[in-house]
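**Q** need coordinates for the following:
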Amino acid sequence: MTAEIEDRGDRLIVWNGNADKRGALSPALYVTLAQAMDLAAEPRIRAVILTSRGDFFCAGGDMNVLIERRKLTEAERRDKVDTLHDLVRKMSACPVPIIAAVEGGAAGAGLSLALACDLIVATKDAKFTAAYVKAGLVPDAGLTASLARMIPRPLAMEMCLMGRPVMATRFAELGAVSRICDTGNALGEAILLADTLAAGPRNAQSAIRQLVAQSYEVSEAAQLDAERDAMAHAAGTNEAAEGIAAFLEKRKAQFA
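**A** Got it, this is the predicted structure:
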């Protein structure tokens, strides 16, 4: 299978199984990841992990597919790109955190998908590449926005204008990668992060996720209003009642 969902009860692991093509994007991955985003709405789900079956997270677009797209009209090609962009929008709207477990590296739209996640675990030898320019193409799937938010402009420009690969360790130094691990351990580290999330307050986490995501797009005034509304709601929830009680009683909170 080129993509599948592993349901572990309180979390979903989305496997990109296109290993013979270094995890290149496939229609199956689009469908499967979109299904996982829908399943994440179930209250039992606390996190989604995106990873690969092979030794490379995702190489981005399949060049053979892109060659075929040259035969389409520009409007038809726009529709194809929108299919990917709709997936990124679904990831943005996901009610629970998404963790990317990156082995080997992520390139092109594969990097876009990794950066669309909330937390990234990557092996110390992983490389992040935005080499669209080497094929006469431009970044898509939100990559330019993600890079602009996460790393300095000169480095983002060098990655996009020159196709320069950047090591995951450098991304970690800049704060764009959450954890660095040894080869073969990315999924295990991602599961540890999911364990921590599963022990937390799901509704508060969901609200925090959305607040942080929208903060790049709205004015300071609008963000202050959004935080006010979210805080006013959160303070009246059972999660807050348990969290505050646990703090005052000097014990670990037990969230449902």
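
**Q** drop to CA atoms for contacts and neighbour counts, all remaining ones
**A** Will do.

**Q** poorly predicted segments of the protein, please.
**A** Scanning the chain for pLDDT under 70 picks out no residues.

**Q** repeat that with 80
**A** Across the chain, the ranges flagged by pLDDT under 80 are 1, 256.

**Q** distance of the most centrally placed residue in it from residue 237?
**A** Within the chain, one residue has its C-alpha closest to the average C-alpha position: by Cα atoms, centre = their mean, that is residue 117, at 1.4 Å. Residue 117 sits 27 Å away from residue 237, going by Cα to Cα, to the nearest Å.

**Q** can you show me the helices along the protein?
**A** 27-39, 63-69, 74-93, 109-116, 143-150, 153-162, 168-173, 186-198, 202-214, 220-234, 238-248 (DSSP state H).

**Q** residue contacts, the closest residue to the residue nearest to the centre of the chain other than its chain neighbours?
**A** Spatial nearest neighbour of residue 117, chain neighbours left out: residue 98 (5.0 Å); criterion: Cα to Cα, 6 or more residues apart in numbering. Residue 98 makes contact with 47, 48, 49, 50, 91, 117, 118, 119, according to Cα atoms under 8 Å, 6 or more residues apart in numbering.

**Q** nearest to residue 102, out of those residues: which one, please.
**A** Nearest to residue 102, judged by Cα to Cα, of those is residue 50 at 8.4 Å.

**Q** pretty sure the closest one contacts residue 15?
**A** Yes: the criterion here is Cα atoms under 8 Å, and residue 50 meets it with residue 15 at 6.4 Å.

**Q** break the chain down into its domains, please.
**A** The chain breaks down by automatic domain parsing into domains covering 3-198, 202-248.

**Q** got the end-to-end distance for the longest one?
**A** Distance across domain 3-198, first residue to last, is 24 Å (Cα to Cα).

**Q** what's the burial count for residue 221?
**A** Applying other Cα atoms under 10 Å, we find 9 other residues in the vicinity of residue 221.

**Q** look up how far residue 173 lies from it.
**A** In this view, residue 221 and residue 173 are 31 Å apart by Cα to Cα.

**Q** before we move on, what about residue 59?
**A** Relative to residue 173, and taking Cα to Cα, residue 59 is found at 23 Å.

**Q** the two: which has the busier surroundings?
**A** The neighbour count for residue 59 versus residue 173, taken as other Cα under 10 Å, is higher for residue 59 (23 against 11).

**Q** contacting residues around that one?
**A** Contacts of residue 59 (Cα under 8 Å, 6+ apart): 21, 22, 23, 24, 25, 105, 106, 107, 108, 109, 110.

**Q** which one of those is nearest residue 75?
**A** residue 109 (20.0 Å).

**Q** tally of neighbours for the closest one?
**A** For residue 109, the neighbour count with other Cα under 10 Å is 25.

**Q** same question for the one 5 residues further on.
**A** Neighbour count for residue 114, taken as other Cα under 10 Å: 29.

**Q** how close does it get to residue 187?
**A** Using Cα to Cα, we find residue 114 at a distance of 14 Å from residue 187.

**Q** what is in contact with these two at once?
**A** residue 102.

**Q** can you tell me what sits against stretch 193-213?
**A** Outside stretch 193-213, the residues that touch it by Cα under 8 Å, 6+ apart are 10-11, 46-49, 92-93, 95-97, 99, 118, 223, 226-227, 230, 234, 239, 254-256.

**Q** next one: stretch 226-243
**A** With Cα under 8 Å, 6+ apart, stretch 226-243 has contacts from 201, 203, 204, 207, 211, 253, 254, 255, 256.

**Q** of all those residues, which two lie farthest apart?
**A** 211 and 254 (23.9 Å).

**Q** tell me which of those two has more neighbours.
**A** With neighbours defined as other Cα under 10 Å, residue 211 and residue 254 compare such that residue 211 has more, 16 against 12.

**Q** now residue 10. Nearest residue, chain neighbours left out?
**A** Among residues not flanking residue 10 along the chain, residue 45 sits closest, at 4.4 Å (Cα to Cα, 6+ apart).

**Q** list the residues that contact the one you found.
**A** By Cα under 8 Å, 6+ apart, the residues touching residue 45 are 9, 10, 11, 12, 39, 96.
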